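>>> Okay, predicted coordinates and the sequence, questions at the end:
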Amino acid sequence: MADTMKGLKRTHYCGEVTEVGQEVVVGGFVDRIRNKGGVIFIVLRDRTGIVQLLFNDKSNPEIFEKAASCHSEYVLMAKGKVVERENKNYKIKTGLVEVFVDDLRILAKAQTPPFEIVSDSNVNEELRLKYRFLDLRREPLQRNIIMRHEIAKVTREYFYENGFIEIETPMMMKSTPEGARDYLIPSRVHQGKFYALPQSPQIYKQLLMISGYDRYIQLARCFRDEDLRADRQPEFTQIDLEMSFVDAEDIQECVEGFVQRVFKEVMNVDIPTPLPRLTFADAMNRYGSDKPDTRFGFEIQDISEIVKDIDFVVFQNALSDGGSVRAINVKNGAGTYTRKEIDKLVEHAKGIGAKGLAYIRWADEPNCSFKKFLKDGELETVCNAVGAEKGDLVLICADKNKTVLSTLGAIRLICGKRLDVIPEDKYNFLWITEMPFFEHDDDNDTWVAAHHPFTMPMEECIEYLDTDPANVRAKAWDLVLNGTELSSGSMRITDFELQQRMFEALGMTDEEIQAKFGFLVDAYRYAAPPHGGMGIGLDRLAMIMCKADSLRDVTAFPKVQNASELMSECPSVVDEESLSVLGIKVDVKEN
């Protein structure tokens, strides 16, 4: 039978025991045991760190025997005096001391765990996720979860200090189009009707501005039924904010203050402000991405004018079709990228949609894949145009602009990682501004909204809403950090007539407008202050600050690729009686 805590009360966390001469009571899990015969050492672990317990068979034989019966992951409480450690460990905070134990309680015994609870576990992730409650005992995950807590704590403190009010919005709401599939909840009372879990609190926070709560904040749980990847989970937390009587610069300035505060307090890293800005068009032209990683070079360069007279059919076809020829100069890339390695890049480019890549590999002498089409001096002209020198690799793509930019943007990242030129301890924030208002749906040859339908167009673009959608820019922006989109924000439409024009430009009928957004449209009839806001991904922010590879490393109980949770085995089958109450019959469709 397990011991009890009676008579003992924890006085210190393991990682806080540092002062010789103190009487302490600690509790935690057995990390490891060393039995030296007449002396036993037990390393005890809790969320703050570890401390070594010392047992001697001569001073207290009964306590010594109890210590000898312990195994890994047993839960113990120990009372004793802090003494100086003979073999000191200067790498850890408690490494100069140990606790000479005079009272030991075994509160719970543990079976042998399915994997060793160590920091650098090599066990496959699937097994660790199945036993997530054990995986979460490992120091790296505990450090990440605690840092995420610190980020959330600083977040609330900062926004409270800046006049924001935390208001909860419903978790069960009306299904509205947000760009991804909703998770739906069937209603027992209103059979045949469904609630939706919020993809974001977008509509509610706009209603709060109409209601007069001019600075709203919420650490909001959001849900999206979409395919997962390393930086996406079906449920996530958004630092959601909205502000009235402001413009875009006011919102961005407020968020810059938050970024500066959270990095300083949590990581002691200084983030200079104001943060740099790039228009969407400039970001795409220079980096081939609307979320560029600016920690390294290899920027895209338009060489269309330089190569327009080169008699190479690939270049000529692209230019005659209204496309372009662009290049990246991979500095010092010639040594790393052999012909075989370049072929892999070409295949990757084809997978994105490009027809291929041309290249100039300058090892000892420039080796050009289209050399036979060049006249004297033309190779030198191209190299000079992109700043190529001995040791560099120039990669060239010719196609429609959209294909060229997306291809070189992806290839740029691959080369940056391959050459290890992306600094890990650098945090490059970037505002992407002047976002396109519409996106062209090539399959249906129509223009669709690039943002939610309440996004304000820039004033100078309103006249083009009906006639030239390609040239309409939004009062919308993204916050990017090291190539990851952390947040999207915008000013909102508050003019009732402009909102109607926006719906019409999206091809929505009056019936559709009323069915999907009627309550919000009605609210705007009663006047709304100018307002805008953002939603910052807390999970993604934590992932980058923790230097984690995946959101799973900063989420206590994450889902895997197919949106299931391995530990609890959800989603699961529901019994017929529960379904009958809801008026539901299940028709399973094969994938």
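Right, received. Where do you want to start?
>>> ok, what's across the strand from residue 34?
residue 41 (DSSP bridges).
>>> oh sorry, the question was meant for residue 481
residue 429, residue 484.
>>> Surely it and residue 543 touch.
No. Assessed by C-beta atoms under 8 Å, residue 481 is found out of contact with residue 543, at 10.1 Å. Backbone N, C-alpha and C define where each C-beta goes, glycine included.
>>> what do these two both touch?
Taking C-beta atoms under 8 Å, 6 or more residues apart in numbering as the contact rule, residue 481 and residue 543 touch no residue in common.
>>> Might you report the residue contacts of residue 240?
200, 201, 205, 216, 217, 218, 219, 220, 533, 534, 535, 536.
>>> in what helix or strand does it lie?
strand 235-244 (DSSP states H and E).
>>> Please write out the alpha-carbon positions of that strand in CSV.
Extracted in CSV, the C-alpha atoms of strand 235-244 (Å, rounded to 0.1, in the frame of the first residue of the first chain):
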residue,chain,number,x,y,z
GLU,A,235,-8.0,23.5,-32.9
PHE,A,236,-5.8,26.4,-32.1
THR,A,237,-5.5,29.5,-29.9
GLN,A,238,-5.7,33.0,-31.3
ILE,A,239,-4.7,36.2,-29.6
ASP,A,240,-7.8,38.0,-30.9
LEU,A,241,-8.1,41.7,-30.7
GLU,A,242,-10.3,44.5,-32.1
MET,A,243,-10.0,48.3,-31.7
SER,A,244,-12.3,51.2,-32.5
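>>> follow-up on the earlier one: among the contacts of residue 240, name the ones in helices.
residue 205 (DSSP state H).
>>> could you flag which of the contacts of residue 240 are buried?
Buried members of these, counted by 16 or more other C-beta atoms under 10 Å: 200, 201, 205, 216, 217, 218, 219, 220, 533, 534, 535, 536.
>>> Among the residues you listed, which one sits closest to residue 433?
Checking the buried ones among the contacts of residue 240 against residue 433 by C-beta to C-beta gives residue 534 as the nearest, at 13.0 Å.
>>> I figured that closest one hits residue 251, correct?
Yes. Shown here, residue 534 and residue 251 form a contact pair, counting by C-beta under 8 Å, at 6.4 Å.
>>> any common contacting residues for these two?
Contacts common to residue 534 and residue 251, judged by C-beta under 8 Å, 6+ apart, are 241, 489.
>>> Counting neighbours, what do you get for residue 9?
Neighbourhood size, residue 9 [other C-beta atoms under 10 Å]: 9.
>>> which parts of stretch 382-392 are buried?
382, 383, 385, 386, 388, 392.
>>> now the end-to-end length of it.
The straight-line separation of the ends of stretch 382-392 (C-alpha to C-alpha, to the nearest Å) is 13 Å.
>>> partners of the helix or strand of the chain with the lowest mean pLDDT in the sheet?
Every helix and strand in the chain was compared by mean pLDDT, DSSP states H and E; the lowest is strand 446-449, with a mean of 74. With DSSP bridges as the test, strand 446-449 is paired with strand 438-441 (antiparallel).
>>> got the contact list for the partner strand?
Residues contacting strand 438-441 (C-beta under 8 Å, 6+ apart): 446, 447, 448, 449, 450, 469, 470, 472.
>>> Got a PyMOL select line for the buried ones in the residues you listed?
To isolate the buried ones among these in PyMOL, judged by 16+ other C-beta under 10 Å, type:
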select buried, resi 447+449+450+469+472
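>>> Any chance of a markdown table for the contacts of strand 438-441, columns distance to residue 337?
Below are the contacts of strand 438-441 laid out as a markdown table (distance: C-beta to C-beta, whole Å):
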| residue | distance to residue 337 |
| --- | --- |
| 446 | 41 |
| 447 | 40 |
| 448 | 39 |
| 449 | 41 |
| 450 | 36 |
| 469 | 41 |
| 470 | 37 |
| 472 | 41 |
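>>> for the chain, which spans come out with low pLDDT?
177-179, 591 (pLDDT under 70).
>>> So for stretch 173-180, first residue to last residue, what's the gap.
Note: stretch 173-180 ends 15 Å apart using C-alpha to C-alpha.
>>> longest helix anywhere in this structure?
The chain, longest helix under DSSP H: helix 139-161.
>>> Please name every helix or strand in contact with that helix.
strand 165-166, strand 215-223, helix 248-267, helix 538-545 (3 or more C-beta pairs under 8 Å, 6 or more residues apart in numbering; DSSP states H and E).
>>> so how far is stretch 121-139 off the chain centroid?
21 Å (C-alpha atoms, centre = their mean, to the nearest Å).
>>> what about dumping the CA coordinates of it to PDB?
What follows is stretch 121-139 as a C-alpha-only set of coordinates in PDB (Å, rounded to 0.1, in the frame of the first residue of the first chain):
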ATOM      1  CA  SER A 121      14.200  10.500 -26.800                       C
ATOM      2  CA  ASN A 122      14.600   8.700 -30.000                       C
ATOM      3  CA  VAL A 123      11.300   6.900 -29.700                       C
ATOM      4  CA  ASN A 124       9.000   7.400 -32.700                       C
ATOM      5  CA  GLU A 125       6.500  10.200 -32.200                       C
ATOM      6  CA  GLU A 126       3.500   7.900 -32.700                       C
ATOM      7  CA  LEU A 127       4.300   5.900 -29.500                       C
ATOM      8  CA  ARG A 128       5.000   9.100 -27.600                       C
ATOM      9  CA  LEU A 129       1.700  10.600 -28.600                       C
ATOM     10  CA  LYS A 130      -0.100   7.400 -27.600                       C
ATOM     11  CA  TYR A 131       1.400   7.800 -24.100                       C
ATOM     12  CA  ARG A 132       1.300  11.600 -24.200                       C
ATOM     13  CA  PHE A 133       0.800  11.800 -20.400                       C
ATOM     14  CA  LEU A 134       4.300  10.300 -20.100                       C
ATOM     15  CA  ASP A 135       5.800  12.200 -23.000                       C
ATOM     16  CA  LEU A 136       4.700  15.500 -21.300                       C
ATOM     17  CA  ARG A 137       7.000  14.600 -18.300                       C
ATOM     18  CA  ARG A 138      10.100  15.100 -20.600                       C
ATOM     19  CA  GLU A 139      12.000  18.300 -19.900                       C
END
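>>> Which residues does it contact?
By C-beta under 8 Å, 6+ apart, the residues outside stretch 121-139 that reach it are 29, 45, 73, 113-119, 141-142, 145, 552, 556-558, 560, 565-567.
>>> now do 6 Å
Stretch 121-139 is contacted from outside by 113, 114, 115, 117, 119, 557, 566, 567, using C-beta atoms under 6 Å, 6 or more residues apart in numbering.
>>> Can you tell me the closest non-neighbouring residue to residue 12?
The spatial neighbour of residue 12 that comes closest, neighbours along the chain excluded (C-beta to C-beta, 6 or more residues apart in numbering), is residue 24 at 4.7 Å.
>>> what about that neighbour, is that helix, strand or coil?
Following DSSP: H, G, I helix; E, B strand; the rest coil, residue 24 is assigned to strand.
>>> show me the contacts for it.
Per C-beta under 6 Å, 6+ apart, neighbours of residue 24: 11, 12, 17, 82.
>>> part of a strand, is the second one?
No. Secondary structure assignment places residue 12 outside any strand; it is coil (three-state DSSP).
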